[in-house]
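[1] I'd like to go over a predicted model; first the sequence, then the structure.
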Amino acid sequence: MKFVALVSGGKDSIHCMVHAVALGHTPVVLANLQPIEVDEMDSYMYQTVGHEVIELIAEAMELPLVRRRIEGKALNTGMAYSHTDGDEVEDLTKLLEDVQRQYPEVEAVSVGAILSNYQRIRVETVCRRLGLVTLGFLWQRDQAELLDEMVASNLHAILIKVASIGLSPAKHVWKSLAEVRTTLHSLNAKYGVHVCGEGGEFESLVLDSVLYRKRIVIDESEIVMHSDDSFAPVGYLKVRSAHLEDKPRVDHSSDQARAVAALAAATAANPEHGNPGWVFDQSDVLGSGDTSAVIPADTAQLMPLLGLHRSNENDRTSSFWGLAGGCLDAATASKQMSPGDAAKIVLADVCQLLAKRGLKPEHVMQTHLYVANMATFAEINREYERVFRHNPPARVCVGCQLPPGQPLVMDAIVFVPAPVAGAAGAADFLHVQGRSHWAPANIGPYSQYGCASGQVMMAGQIGLVPATMKLRETTAQQAELSLNSALAVMIAAGTNPSGALACLCMVTSVDHVGLARAVFASFLQHHAAASAGRVLQVVVVDELPAAAKIEWHFVVAKDASGVAMSTMTQEDETGLEWHLSASASSGNGYVWTALTEAQVGQLASMSALGSMLGAAMAGPSGDATPEVYLARLYCAREAARGKGADHIAALSQNLREQGAAVSVIPVAMLGGGATVHIGCHFTWPVDPDGDE
């Protein structure tokens with residue numbers, strides 16, 4: 001893509017350009033916001049020291065420059081940003097509008113954000129408003145690794161401002177990154193100083209880079225003291241004059257070739273694929289053992305089990321409740337309306353149900369969308385985006401053979417904040433829309449995760465290369481990459497695989513079931529979380545987004561150390577195995593079991609599902625009464641015929657009698673001889689002092 005680079009003169013914005021060029025993107029123009037009549041201004045968004053050198057940077061790169069003055073101030077400082085007159089973010093909007101008028105071929109914007117959600121959210125919001133893609137290839141990079149990469153890739157940057165314990169204007173301003181590298185690592189070890197200056201510890205100025213045709217030489221300057229604080233003095237370099245100078249050796253290769261070579265010399269990571277993290281040994285792949293043919297079936301018998309409903313809220317003390325069965329009623333379904341119109345009706349019903357409880361779409365933490373035909377997904381997505389605009393929920397989307405006339409079915413988990421449910425805290429969402437080496441950007445209106453009451457509900461991850469948004473070729477490659485992306489999201493949420501409460505793996509062929517299990521086992525072993533293997537459910541679906549072959553969906557406890565996992569075998573004729581994972585610190589858990597056709601019939605006739613669930617959940621909840629708020633029944637289509645449909649209806653009714661919202665999902669196959677998976681999200685009241 002052709003892009004405009006937002007440059008401050010500092011190392012991050014220039015190094016992000018290097019990554020963008022290495023990936024084949026073409027810089028068309030530089031853009032900069034400059035202060036009015038001051039060198040250093042109080043801005044939440046922009047580096048202004050070194051602004052005197054910006055024009056030389058453009059000349060050094062032989063690129064045009066578009067500039068605008070910063071007239072606004074930080075007025076809207078919340079984590080969710082919307083248009084605010086007079087805010088400094090609107091200066092960025094005007095700057096990029098200037099760029100679009102002068103250079104209409106620009107498709108993307110590069111930005112050097114590493115850690116700041118505040119800056120990232122605002123740049124992404126502006127870019128989305130203007131129809132531009134965000135390129136943020138430094139986002140969530142390990143700072144120590146990134147600093148070393150910058151130094152090794154011939155990025156010659158000097159410290160132009162310091163404001164941190166252990167750094168002195170007299171001693172460290174003018175020093176290069178290479179010269180202060182050891183000092184920064186030492187200060188990080190002693191005081192937690194960010195080695196890339198993400199805490200405002202220092203600002204930098206790039207005098208040379210692989211993208212510069214000439215290097216910058218400062219002729220005259222002075223150090224201006226801003227504060228003489230004895231612990232953390234603040235001072236910056238005022239550049240009086242500077243000029244460009246030919247480099248000693250001229251490299252006539254292309255910008256991309258120089259950028260690729262520089263990064264290759266600095267890191268073992270492939271710029272195309274980013275940091276590989278854990279790598280799966282494909283020699284460990286086992287046969288799936290599942291060779292049954294997928295049986296097409298008429299799912300019309302499941303229609304009576306649909307219909308929007310919520311979990312029972314009578315005397316509930318939990319922070320969550322479930323919505324399930326969001327679809328068209330039978331009369332409307334018979335009209336064979338368009339997927340977009342159907343989505344509009346389903347989503348309106350969901351909003352109405354939320355409103356009755358005094359809630360809004362922003363309270364929805366996670367949705368599962370089951371789509372009859374992925375070719376209609378864009379049409380459905382347009383309606384979905386009109387409802388979930390700000391901080392959209394995490395989402396899982398799969399293609400299933402739905403009952404006739406149903407383009408989509410939806411279920412959801414809703415966070416009920418205090419004082420409604422008597423629970424403390426607020427919901428947190430991570431909604432990254434820019435391309436990076438971290439994890440895939442949103443390809444729809446959803447967040448990477450929603451977190452509330454100690455529970456992180458993640459969006460489904462498929463094998464897209466984060467930097468390019470291209471799908472890896474083989475199923476094994478997709479499985480490996482998507483798990484690494486899921487790990488990156490977990491780390492961003494402050495947790496890890498040991499905290500997994502649930503993991504649903506969706507594959508598009510029964511041949512991939514064994515691969516999925518082998519890859520997951522290798523992933524957990526690498527991260528010392530082997531006990532989490534029992535949380536894995538594998539289902540075979542008809543389609544996945546972007547024609548992916550495998551998708552992973554996790555629910556993870558924020559406090560991974562407090563998660564306990566166990567398996568309980570039912571001591572009756574069913575012999576069911578219940579796999580349970582629960583977080584004692586947050587009072588959240590998940591329990592699931594796989595049923596053969598015979599077990600489905602036995603369980604349906606016993607009407608004992610509720611008591612079995614209660615026994616399975618009793619361990620972690622102690623004396624408290626656990627509450628199932630959402631149950632999902634994944635049914636192999638062959639199980640939806642004749643008496644099988646009646647048995648599934650009985651199980652669904654039994655769960656609804658326990659107060660759960662129940663979602664019935666017809667899938668192609670389950671594998672392992674199972675015809676139904678029952679998975680239940682549950683919670684129990686936890687005393688804030690730690691006593692249940």
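    Received the coordinates, thanks.

[2] going forward, measure contacts between C-alpha atoms and count neighbours the same way
    OK.

[3] for the host helix or strand of V409, packing partners?
    Using DSSP states H and E, V409 sits in strand 408-415. Packed against strand 408-415, as judged by 3 or more Cα pairs under 8 Å, 6 or more residues apart in numbering; DSSP states H and E, are the following elements: strand 320-326, helix 339-356, strand 364-371.

[4] can I get the first one in CSV? Just the C-alpha atoms.
    Right, strand 320-326. Only the C-alpha atoms of strand 320-326 are listed here, as CSV (Å, rounded to 0.1, in the frame of the first residue of the first chain):
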residue,chain,number,x,y,z
PHE,A,320,-22.9,-12.2,33.8
TRP,A,321,-25.9,-13.5,32.0
GLY,A,322,-26.4,-15.2,28.7
LEU,A,323,-28.5,-14.5,25.6
ALA,A,324,-29.2,-17.3,23.2
GLY,A,325,-31.3,-18.3,20.3
GLY,A,326,-31.2,-14.9,18.5
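
[5] tell me the buried residues in the helix or strand just after that strand?
    Per DSSP H and E, the first helix or strand lying C-terminal to strand 320-326 is helix 330-333. When burial is assessed from 16 or more other Cα atoms under 10 Å, helix 330-333 yields the following buried residues: A330, A333.

[6] please apply the same query to stretch 230-238.
    For stretch 230-238, burial by neighbour count (16+ other Cα under 10 Å) applies to A232, P233, V234, G235, Y236, L237, K238.

[7] pLDDT of that stretch, averaged?
    For stretch 230-238, mean pLDDT is 88.

[8] and it, end to end?
    The first and final residues of stretch 230-238 sit 22 Å from each other (Cα to Cα, to the nearest Å).

[9] got the contact list for that stretch?
    39, 49-50, 160-169, 173-174, 221-228 (Cα atoms under 8 Å, 6 or more residues apart in numbering).

[10] just stretch 308-328 next, same as before
    Residues outside stretch 308-328 that contact it (Cα under 8 Å, 6+ apart): 305-307, 342, 345-347, 349-350, 406, 408-417, 421-423, 453, 627, 629-630, 656, 659-664, 683-685.

[11] now it: mean pLDDT?
    Stretch 308-328 comes out with an average pLDDT of 78.

[12] what residues are up against the nearest residue to D255 once chain neighbours are set aside?
    Spatially, and ignoring its direct neighbours in sequence, D255 is nearest to L211 (6.3 Å; Cα to Cα, 6 or more residues apart in numbering). Listed by Cα under 8 Å, 6+ apart, the contact partners of L211 are V18, M61, D255, R258, A259.

[13] in CSV: those residues, plus secondary structure.
    As requested, those are arranged in CSV below (DSSP: H, G, I helix; E, B strand; the rest coil):
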residue, secondary structure
V18, helix
M61, helix
D255, helix
R258, helix
A259, helix
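
[14] quick check: which ranges of this protein have low pLDDT?
    Low-confidence segments of the chain (pLDDT under 70): 267-277, 281-305, 313-318, 418-425, 619-624, 686-692.

[15] nearest residue to the middle of it?
    Centroid-nearest residue in the chain, with Cα atoms, centre = their mean: Q448, separated by 2.4 Å.

[16] and that residue, its phi and psi?
    When quoted as degrees, to the nearest 10, the phi and psi of Q448 stand at phi -70, psi -30.

[17] what residues are up against it?
    A394, F429, L430, H431, V432, N442, M458, A459, V489 are the contacts of Q448 under Cα under 8 Å, 6+ apart.

[18] just these now: which is nearest M617?
    Among the contacts of Q448, M458 lies closest to M617 (Cα to Cα), at 22.9 Å.

[19] now do the contacts for that closest one.
    Q366, A394, R395, Q448, Y449, G450, V489, H553, F554, V555, V556 are the contacts of M458 under Cα under 8 Å, 6+ apart.

[20] and if you look at S611?
    Per Cα under 8 Å, 6+ apart, neighbours of S611: none.

[21] helix or strand for it, which one?
    Here S611 is assigned to helix 609-621, by DSSP H and E.

[22] convert that helix to CSV, retaining C-alpha atoms only.
    Only the C-alpha atoms of helix 609-621 are listed here, as CSV (Å, rounded to 0.1, in the frame of the first residue of the first chain):
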residue,chain,number,x,y,z
LEU,A,609,-28.6,-33.1,33.7
GLY,A,610,-29.1,-30.3,36.2
SER,A,611,-28.1,-32.4,39.2
MET,A,612,-25.1,-33.7,37.3
LEU,A,613,-24.0,-30.2,36.5
GLY,A,614,-24.5,-29.2,40.1
ALA,A,615,-22.3,-32.1,41.3
ALA,A,616,-19.6,-31.3,38.8
MET,A,617,-19.5,-27.6,39.7
ALA,A,618,-19.7,-28.1,43.5
GLY,A,619,-16.0,-28.5,44.1
PRO,A,620,-14.6,-25.0,43.2
SER,A,621,-17.7,-23.1,44.5
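
[23] next SSE downstream of it?
    Immediately after helix 609-621, counting by DSSP H and E, sits strand 627-636.

[24] can you dump the C-alpha coordinates of that following strand into CSV?
    C-alpha atoms of strand 627-636 as CSV (Å, rounded to 0.1, in the frame of the first residue of the first chain):
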residue,chain,number,x,y,z
GLU,A,627,-25.1,-20.6,38.4
VAL,A,628,-24.9,-21.6,34.7
TYR,A,629,-25.7,-18.5,32.7
LEU,A,630,-24.9,-19.8,29.1
ALA,A,631,-24.9,-23.4,27.8
ARG,A,632,-23.9,-24.3,24.3
LEU,A,633,-25.0,-27.6,22.8
TYR,A,634,-22.8,-28.4,19.8
CYS,A,635,-24.8,-31.1,17.9
ALA,A,636,-23.4,-33.2,15.0
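
[25] which element follows that strand toward the C-terminus?
    helix 643-657.

[26] against which helices or strands is the helix or strand just after that next one packed?
    Where DSSP H and E defines the elements, the next helix or strand beyond helix 643-657 is strand 661-667. Contact here means 3+ Cα pairs under 8 Å, 6+ apart; on that basis strand 661-667 packs against strand 320-326, strand 627-636, helix 643-657.

[27] report the distance from the shortest one to the chain centre.
    Translated: strand 320-326. 22 Å (Cα atoms, centre = their mean, to the nearest Å).

[28] paired strands for that strand, with orientation please.
    Paired strands of strand 320-326, with direction, are strand 309-310 (antiparallel), strand 408-415 (antiparallel) (DSSP bridges).

[29] tabulate those strands (TSV), appending distance to Q599 and mean neighbour count.
    Output for the strands paired with strand 320-326, formatted as TSV (distance: least, Cα to Cα, whole Å; neighbours: other Cα atoms under 10 Å):
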stretch	distance to Q599	mean neighbour count
strand 309-310	27	22
strand 408-415	26	26
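
[30] which of the ones you listed sits closest to V28?
    For the strands paired with strand 320-326, proximity to V28 was assessed by Cα to Cα; strand 408-415 is nearest, at 42.5 Å.
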